[in-house]
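[1] Let's see this in three dimensions:
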Amino acid sequence: MSTTLPTALLALAAVAAAGGAAAGPHQTGPDNAPCFLLRQWQGVTWPNEHTLYLGVNYKQVYEVTLDSNYRQLNDPLARVIFRTSAPSSICSARDLQLDVRVPPNIQEGLVATSMVKLTPEQVKAIPPKYIPNW
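    Model (predicted):
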């Protein structure tokens, strides 16, 4: 069966639009972990080389476990950023497309293996200097 390019592009656009419209802050991902929109991300901290805390929507914190130790996170100039190709809706660790950037020109991709939304009690247990800045 042959499909013309315009028809294939229209089908792809329809699928992408449907997926984008359905993804919102109240949608759930694996393990009923609530999804959040990339634009709701407010900050990130890291207590060590393999754990990140993402601040979301001024009131939620997600703990992200990385696949290994990333020594660049020890640099005081290190910044964690989302890649521009990251999806707009984050529902699981595999949606996280993160890099650690150290000026002037060091950049390395971070691989997340898990992402868990913390309860208010778990957030209170985080040392204050590691609560993401909102």
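[2] If you count neighbours, what's buried in the helix or strand harbouring R101?
    Assigned by DSSP states H and E, R101 falls within strand 98-102. Neighbour counts over strand 98-102 (16 or more other C-beta atoms under 10 Å) mark L98, V100, R101, V102 as buried. No exception for glycine: its C-beta is placed from N, CA and C like everyone else's.
[3] What is the burial count for T45?
    Neighbour count of T45, defined by other C-beta atoms under 10 Å: 18.
[4] Please report phi then psi for the closest residue to K129 other than its chain neighbours.
    Of all residues not flanking K129 in the chain, T45 sits nearest, at 7.7 Å (C-beta to C-beta, 6 or more residues apart in numbering). Note on T45: backbone dihedrals following degrees, to the nearest 10 are phi -130, psi 170.
[5] Could you do the one 3 residues further on as well?
    In terms of degrees, to the nearest 10, the main-chain angles of N48 are phi -160, psi -170.
[6] which residues does it bridge with?
    Beta bridges link N48 to T51, judged by DSSP bridges.
[7] And the pLDDT at it?
    N48 carries a pLDDT value of 96.
[8] Repeat that for D31.
    We have a pLDDT of 44 for D31.
[9] Just give the nearest non-adjacent residue to the residue at minimal distance from the centre of the chain, would you?
    Compute the mean C-alpha point of the chain, and by C-alpha atoms, centre = their mean the closest residue is L96, 3.7 Å away. Closest residue in space to L96, ignoring its immediate chain neighbours: A112 at 4.4 Å, by C-beta to C-beta, 6+ apart.
[10] Would you agree that neighbour is in contact with S68?
    No. Between A112 and S68 there is no contact under C-beta atoms under 8 Å: 11.2 Å.
[11] and P87, what element?
    Counting by DSSP H and E, no helix or strand carries P87.
[12] list the contacts for D75?
    By C-beta atoms under 8 Å, 6 or more residues apart in numbering, the contact list for D75 reads V102.
[13] Can you pull the phi and psi angles for it?
    phi -70, psi 130.
[14] do W46 as well
    Backbone torsions of W46, given as degrees, to the nearest 10, read phi -150, psi 120.
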